[in-house]
Structure formats: structure tokens, C-alpha cells
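A.B. asks: No letters, just coordinates:
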Ligand SMILES: *Cc1c(COP(=O)(O)O)cnc(C)c1O
């Protein structure tokens, strides 16, 4: 032992940290460095940041439920009965009454036989896609799909075929050429940076024709679309055993979490095999209870959704742009294409000076040259809030 050469003391690897620092500096120089804001108080259409009250068009809280008294009360009451933490995964002892009740409420709303809760939408997407697809399969994905769907496809090791946004003939060509075990077409039902809808009836017809299955990520449609808030399925009156439906509970439902809905065999299978379901702690019961209060409001408070749709129509009718372009969208997401990263940032900054918070979304989140303002409307906005935003936009575009 004494003959062993003396080893050098182990040092931190400076080349890694240097590389990271260089990359951060490059992002900063390209104006791509992301920064967090600290919100003081509740999420809502008025938020307080750095002691300043701002009118916000940023959140995905489309129905204004994130700080609704019913959700807050449900969370508080359930914490006193069921505790703060779930303490285990769903399959061990983490599945509490609040989770069970939420699944039942979702089943009643969605009228689909199988419902399975996940802790987040990101995990639901990873769970479904990796459980259903492997090396022998192929995934057909819209180019504008959410990052979690792309990550899931890569993790599954299935062949990943991406088709141009909403391009049915490209998709059909890919499906016709494919001879794998399983084909899964995956799309955002409402595209998160564009606000437009996937042509779901046509996608379903292609799936039937080419024996494929259709996974719909309805993160932005659930609670917003359909007269009862059943999202894209209600909007297009769809019901098919080929559809695998996923929606989140952290957007319109005002809380956190996600669920997958479809045939009972599907959700039974996912419960046994979806790794992000099995190997994670169940979300706290108070969170499930808040989501359940949100789901109840989605189901019962039709006026709230009607008000949101009225604001959407009003915004679109009044928005008159010359250089910038309001995208075609019938949802709460109303993006305005500015074009260059710099101008989008400038406009966002000047809106902020007027007390209005609208994020500038830049590549790589959106394609190059399509930097935009992502305006999201909420049922908690008033007609005056919309008028204030439009007045500011019209003034800034003209100067
Ligand atoms: C937000 C979002 C997700 C992720 O949901 P979380 O519950 O926030 O993890 C997945 N897909 C789409 C389209 C989303 O917008």
C-alpha cells in the first residue's frame, strides 16, 4: 500500500464551469437570458412585482381560479383533514380520498371510463408516451408540440417523425410509409404559443385510416373550450377509443396536476406501467382538493367561461394592427407576431413601463423571426383591462 503513488487532490472540474459560464454569457449577449420575477401575493390579473402593481396578461390561469376562494378553502380544509404531504406514491399509500374524489369528479365531467391523475402535465406526457411506445413503434408529432411531448418521444426510443404544423397531407404521407408495430399521433389540441387548434376530426380520421392512435394534449383547452369546459373533445364532439386525452389542472383548473382520460384498459395499463406515475410521490391531498374545486367551477360556473369568450371576441374585434400581426386564434391565447427578438423585447418593456405585463416569447420557444407577445386573457379580466391593453398596443405600434 505504501508503494502506491500519492494521488493528486481531486479538484472541481473548472472546464465544465467555464463552459457553462461561456454559454450563459452568449445567451445574455443574444438577449436570450431568462429572468424570474418574484410575485408578492396571489396569482391573478393584477400582480405585485417589486412593489409595483401590474396588469398581467401572462398567466395560464384562464378562468381566474388560481386565487378563487373556493380553491383556497378546499386546500385549507383538506390540509386540516388529510395533512400537508401525501408521504408516498399512489401505488403505496399516497392515494388519499381527495385524489380518489378528484378522479371521480373528472370522470363525471369528461364522461370517459378511464381517468388517471398525474402530478404534473409534463409527467403525464412522459408517462403515457413511454408506456405505450418503444423501439418498435413510431410517434408522429406536430412541429409546434409542447416540449414535454418531444422529450417523451425521445425517452420512449420510438421513431420520431415530426410534421409541419397542422399539415395533414404531410402526416398522411408519413403514416402511409410507416410499417411499425404501433403508430401514435401526438398533438397539442390548442397550441401553446399560437393559440390555434389542431384539426382533430381530420387527425382522428387519419388515425382510423392508418390504424394509429391519437394523443391530445389539451393543457390549454380543458376548462376553456366547450360549453361545459370539456375542452377539445366537446368543441369537436369527439368520442373514440383511439383518443388518449391529457389535460393539466394547473391552467384553467387553477391548481396543479394533470390527468389522462380514455378507455379504462388504457388507464389500468398506465397505472401499472407509466414510470412517472409509479416512481414519484403523490401530490399533496390539499392540491387535489383545490383542483377538484376548480373542476367543479369549470362544470358549474358557465358565466365565467362565457365572460372569457366575450373578452376574446372583444379583443379581436378591437385590435387593429398595421405592422404587427394578431394571429388567428379563438382561444384565450392571443399572440401578436412582432418579428425580431429586439423589437418584441422592446415592446414588452414599454408595456411594462405602462404597468402592463405581457411576455415576449422568442426563439427557440417559437420559430426564428416570429418573436411575439403572448397575450393570454382570463375570465378575471374586465372590459376595462382589455381596453387598457389595446390602447397601449395601438399607441406603441404607431410610435
Ligand atoms: C403546461 C403544459 C404542459 C405541462 O403541464 P404542467 O402541469 O405544467 O407540467 C404540457 N403540455 C402543454 C401543451 C402545456 O402547455
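C.D. replies: Structure's in. What do you need? All values derive from a computational prediction rather than experimental measurement.

A.B. asks: if you skip the residues just before and after it, what's nearest to the residue nearest the centre of the chain?
C.D. replies: What sits nearest the mean C-alpha location of the chain, by Cα atoms, centre = their mean, is residue 219, with 4.4 Å. Leaving out its chain neighbours, the residue that sits closest to residue 219 by Cβ to Cβ, 6 or more residues apart in numbering is residue 248, at 4.5 Å. C-betas here are computed from N, CA, C, even on glycine.

A.B. asks: Count the neighbours of that neighbour for me.
C.D. replies: By the measure other Cβ atoms under 10 Å, the count of residues near residue 248 is 26.

A.B. asks: what sits against the residue in the stretch 251-399 of the chain that the ligand sits nearest to?
C.D. replies: Nearest to the ligand, among the residues of the stretch 251-399 of the chain, is residue 258, at 4.9 Å (Cβ to the nearest ligand atom). If you count contacts by Cβ atoms under 8 Å, 6 or more residues apart in numbering, residue 258 has them with 117-121, 123-124, 219, 246-250.

A.B. asks: Swap in 10 Å and give it another go.
C.D. replies: Residues near residue 258 by Cβ atoms under 10 Å, 6 or more residues apart in numbering: 116-125, 127, 217, 219, 222, 246-251, 283, 291.

A.B. asks: So residue 377 sits against residue 312, correct?
C.D. replies: Yes - with contacts counted by Cβ atoms under 10 Å, residue 377 reaches residue 312, the gap being 5.9 Å.

A.B. asks: can you list residues touching both of the two?
C.D. replies: When Cβ under 10 Å, 6+ apart defines a contact, the residues bordering residue 377 and residue 312 alike are 195, 224, 331-334, 386.

A.B. asks: looking at the sheet around residue 56, what are its partners?
C.D. replies: Beta-bridge pairing for residue 56 (DSSP bridges): residue 357.

A.B. asks: so how many other residues sit close to it?
C.D. replies: 24.

A.B. asks: Let me know whether it touches residue 66 as I believe.
C.D. replies: No - the criterion here is Cβ under 10 Å, and residue 56 misses it with residue 66 at 11.4 Å.

A.B. asks: Name the residues contacting each of the two.
C.D. replies: Shared contacts of residue 56 and residue 66, defined by Cβ under 10 Å, 6+ apart, comprise 43-44, 378, 380.

A.B. asks: ok, which residues in the stretch 251-399 of the chain are in contact with the ligand?
C.D. replies: residue 258 (Cβ under 6 Å from any ligand atom).

A.B. asks: What is the neighbour count of the residue in the stretch 51-200 of the chain that the ligand sits nearest to?
C.D. replies: Per Cβ to the nearest ligand atom, residue 121 is where the stretch 51-200 of the chain lies closest to the ligand, at 2.3 Å. A count of neighbours around residue 121, defined by other Cβ under 10 Å, yields 25.

A.B. asks: Spit out the contact partners of it.
C.D. replies: Remark: with contacts taken as Cβ under 10 Å, 6+ apart, residue 121 is in contact with 146, 148-149, 217-219, 246-251, 256-260.

A.B. asks: ok, now residue 361?
C.D. replies: If a contact means Cβ under 10 Å, 6+ apart, then residue 361 has 192-193, 335, 338, 341, 344, 348, 370-374 as its contacts.

A.B. asks: Read off the pLDDT value for it.
C.D. replies: Reading off the per-residue confidence, residue 361 sits at a pLDDT of 93.

A.B. asks: The nearest residue to it once chain neighbours are set aside: which element?
C.D. replies: Counting by Cβ to Cβ, 6+ apart, residue 361 lies nearest to residue 374, which is 4.7 Å off, once chain neighbours are set aside. Element membership of residue 374, judged by DSSP states H and E, is strand 371-376.

A.B. asks: Provide the strand pairings for that strand, with the direction of each partner.
C.D. replies: strand 333-339 (antiparallel), strand 360-361 (antiparallel).

A.B. asks: rank those strands by pLDDT, which is bottom?
C.D. replies: Among the strands paired with strand 371-376, strand 360-361 has the lowest mean pLDDT, at a mean of 93.

A.B. asks: So residue 185 belongs to a helix, correct?
C.D. replies: No - counting by DSSP: H, G, I helix; E, B strand; the rest coil, one finds residue 185 to be strand, located in no helix.

A.B. asks: Name the nearest residue to it, sequence neighbours excluded.
C.D. replies: Nearest-residue entry for residue 185: residue 140, 4.6 Å, with adjacent residues in sequence omitted and distances by Cβ to Cβ, 6+ apart.

A.B. asks: That neighbour belongs to a strand?
C.D. replies: Yes - read with three-state DSSP, residue 140 is one of the residues of a strand.

A.B. asks: For it, give me its contacts.
C.D. replies: The contact partners of residue 140, by Cβ under 10 Å, 6+ apart, come to 153, 159-163, 170-172, 174-175, 178, 183-187, 203, 206-207, 210, 212, 214.

A.B. asks: if we go to 8 Å?
C.D. replies: 161-163, 171, 174-175, 178, 183-186, 212.

A.B. asks: Right, I'll call it a day here.
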